[in-house]
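> quick check, what structure comes out for this input:
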Amino acid sequence: MPGPFRRPTRTAPRAPRRRPHASAVTPGARRLRPSTRAATHHAGRFPPLASAAAHRARRLRPLASAAARRLRPLARAVTYTRWLHLLVGAIVPLAGGLIYPGLSHPYPSDWLVVAVLPVPLVAAVALVPAARRAEGLQARLMLFPGKHARAWRTPEGTDVSASPSASWTDRGRTALWLVFRMEAGLAAWLLSVGLAQCALTLAGVHVEEPVVAGLALPSGGDRWQAFLAPLPVLVLLAVVVAGGALSARVARTLLGPSVKERMAALEGRTERLLERNRIARELHDSLGHALTLAVVQAGAARAAADPEFTDRALEAIEETGRAALEDLERVLLLLRETGRPAAASPGLDEAARLLDSARSSGARVEAEVTGPLEEVPGPVSREAYRMLQECLTNVLRHAGPVPVAARVAVEGAVLRLEVRNPLAPGREERTGSGSGLRGIRERAALLGGSARTGRDGDAWLVRVDLPLR
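Model (predicted):
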């Protein structure tokens, strides 16, 4: 220990340990544990061993993924609901077998009798129309993924019909399904009980009565046979998966919708599509016409700078907007299905109001109406009104305030509609592929008529012929 007057010796300071910069260390390296670091260090010291281990891991990865795919059905609840569905089908033959020939010591011939005797009874049950619906609902619930199978978003089972039998073909297919379900259920029950007894015997448990009399089961006396006990269980699991998949496939084939049901579904879908197209045309015609007139009237009023003309333009915009709101309310009532009767669509008897609104926008409309319009059927009158409305809207939108010649005539059994207007100078010729002209052709085709749109000399012509009978 140094004295009070002795200068203490100075030791050289230790050099600080340099640590790598944070940016030089990868995030994965910061999370390495000591064991991982040691393994990495040894791998760096022995690169051949590390590369061999990595190569071996790459070779085993496909095998592991294949094994995972094969074992995936065992983790799905639908696999075991399918098994239960099969076992329920065995109730009828087992109940009949208890009566005849008896199941105390059944031999293979006895099981054959048990499987064949209930077939007429099951086929007779299939004659009841409600049997098909009951089986379809059970198949949807137990054979296909749903909420119970942890895969409720999977749209499976929708191709299984849940409606009663509507024909003898449906009854025959239902009978085949019931017979298949009964026989497959009996086979599944025999395999389940037999394989379970075999596994118990291999494990050393004595089984007094095997499921099939005279069946030679292992003795279970040797200890090495205990290691084979899981083998029947694995076979049983494979049978469960395969039997469930087969049952689901047969259900799609025998309980699927018939040709009549498919046609009814197709007709319903077609009706819905036609209704949607009709509503889209209604909105396009009414709202498009109202907006076009409003825009034209507002532009003309601003260019004229005349208070009197502005008042007339605002009045025309108000009237057109009110009519468009009525059409919109009528269409919304159809969409909402509130039960209230929707107002009828305007017909040719209101064509004068339509022509006046076009004249108020600056177009010089010359109309010619001939023939008894009151004898025109309602659907034809309403569709012709929408076609005339679309023609006038196209004139104001594409040609502006130009002279328009409109003709509506009843000629025998045909209603003819013609709208002719000169092509606007400086504008490109229309091809006739717009949605409005396409809607005119679709309306005419639905009524069994024809529509011609295109250039006729220096004018644009729309001609529609609609049959009245």
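> now the strand or helix carrying Leu328: mean pLDDT?
Assigned by DSSP states H and E, Leu328 belongs to helix 307-336. The average pLDDT for helix 307-336 rounds to 73.
> for it, buried residues please.
Going by neighbour count (16 or more other C-beta atoms under 10 Å), the buried part of helix 307-336 is Thr310, Arg312, Ala313, Ala316, Ile317, Glu319, Thr320, Ala323, Ala324, Asp327, Arg330, Val331. Backbone N, C-alpha and C define where each C-beta goes, glycine included.
> now Val211: how far from Thr201?
Distance from Val211 to Thr201, counting by C-beta to C-beta, to the nearest Å: 12 Å.
> same question, Ala384
86 Å.
> next one: Pro403
102 Å.
> repeat for Glu390
Relative to Thr201, and taking C-beta to C-beta, Glu390 is found at 84 Å.
> and the helices in the stretch 51-200 of the chain?
According to DSSP state H, counting those that start in this stretch, the stretch 51-200 of the chain carries its helices in the segments 77-88, 91-99, 108-116, 119-125, 129-142, 168-202.
> quick revisit: please say which of Glu390 and Thr201 ends up with more neighbours.
Of the pair Glu390 and Thr201, Glu390 is the one with more neighbours under other C-beta atoms under 10 Å, namely 25 against 19.
> returning to what we had before: how about the helices of the stretch 51-200 of the chain in CSV, adding mean pLDDT and distance to Ser161?
Converted to CSV, these look like this (pLDDT from 0 to 100; distance: least, C-beta to C-beta, whole Å):
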stretch, mean pLDDT, distance to Ser161
helix 77-88, 92, 17
helix 91-99, 92, 22
helix 108-116, 91, 27
helix 119-125, 94, 17
helix 129-142, 92, 5
helix 168-202, 92, 8
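> export the ones you listed to CSV and tack on distance to Val376?
Formatted as CSV, the helices of the stretch 51-200 of the chain follow (distance: least, C-beta to C-beta, whole Å):
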stretch, distance to Val376
helix 77-88, 60
helix 91-99, 65
helix 108-116, 70
helix 119-125, 57
helix 129-142, 46
helix 168-202, 45
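> and the closest residue to Ala203 other than its chain neighbours, how many neighbours?
In space, and not counting its chain neighbours, Ala203 is closest to Ala229: 4.2 Å by C-beta to C-beta, 6 or more residues apart in numbering. By other C-beta under 10 Å, 18 other residues sit near Ala229.
> next one: Leu446
Neighbours of Leu446 using other C-beta under 10 Å come to 13.
> tell me the mean pLDDT over stretch 286-302?
On average, stretch 286-302 scores 73.
> now do the buried residues in that stretch.
Ser286, Gly288, His289, Ala290, Thr292, Leu293, Ala294, Val296, Gln297, Ala300, Ala301.
> so how far is it off the chain centroid?
41 Å (C-alpha atoms, centre = their mean, to the nearest Å).
> ditto for stretch 61-73
Distance, centroid of stretch 61-73 to centroid of chain: 30 Å (C-alpha atoms, centre = their mean).
> with stretch 167-185 instead?
Worked out by C-alpha atoms, centre = their mean, stretch 167-185 lies 29 Å from the chain centre.
> please identify the buried residues of it?
170-171, 173-185.
> could you identify the most distant pair in these?
Asp170 and Gly185 (22.0 Å; C-beta to C-beta).
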